[in-house]
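Engineer: just the structure for this:
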Amino acid sequence: MRGTTVGLFVGVFIIGFVISSMTEDRGVHAQQFENFEHASLSDERLATLKGPTVEGQQLIVLIDNQQQTMGSYFVDTKSGQISLRCVRNFRWDLQMSEFNGSEPSPEKIQALLRSR
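Structural biologist: Numbers count the residues shown, from 1 in each chain. Now for the predicted structure:
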């Protein structure tokens, strides 16, 4: 259960960055972030987050708690076409005590932690 909570927290945090890249208006950004819907499958392995529709694109995020990986997709609301936007293993992210920004990559974090 703790892994699910941590995974969802990381997922929502990263989704905030995705949405901020979709819009310049910070007021709109805050409003969209509040509108996320969460659903989790019964086995608690896979969680989903559904973001608001922006310019005909629906944001969907899948979080695999066992593999500590998340993926984000855009679904075109008119055509139904699904586009994979990114996939990230957040295992190494969660081992840092603090961080702010979009770098370092998980590989850089792993190397940093191993050099201790």
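Engineer: would you map the strands across this protein?
Structural biologist: 37-40, 46-54, 57-64, 69-76, 82-89 (DSSP state E).
Engineer: now do the first one, average pLDDT.
Structural biologist: Strand 37-40 shows a mean pLDDT of 63 in the predicted model.
Engineer: out of the strands of the chain, which gets the lowest mean score?
Structural biologist: With a mean of 63, strand 37-40 has the lowest mean pLDDT of the strands of the chain.
Engineer: before we move on, the earlier item: pipe the strands of the chain into TSV and attach mean neighbour count and distance to residue 113 per row.
Structural biologist: C-beta here means a position set from N, CA and C on the backbone, and glycine is covered the same way. Formatted as TSV, the strands of the chain follow (neighbours: other CB atoms under 10 Å; distance: least, CB to CB, whole Å):
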stretch	mean neighbour count	distance to residue 113
strand 37-40	12	29
strand 46-54	17	25
strand 57-64	18	22
strand 69-76	17	18
strand 82-89	12	14
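Engineer: what sits opposite the residue nearest to residue 87 when sequence neighbours are not counted in the beta ladder?
Structural biologist: Leaving aside its sequence neighbours, residue 87 sits nearest to residue 71 (CB to CB, 6 or more residues apart in numbering; 4.4 Å). Judged by DSSP bridges, the bridge partners of residue 71 are residue 62, residue 87.
Engineer: now residue 71: how far from residue 94?
Structural biologist: Distance from residue 71 to residue 94, counting by CB to CB, to the nearest Å: 17 Å.
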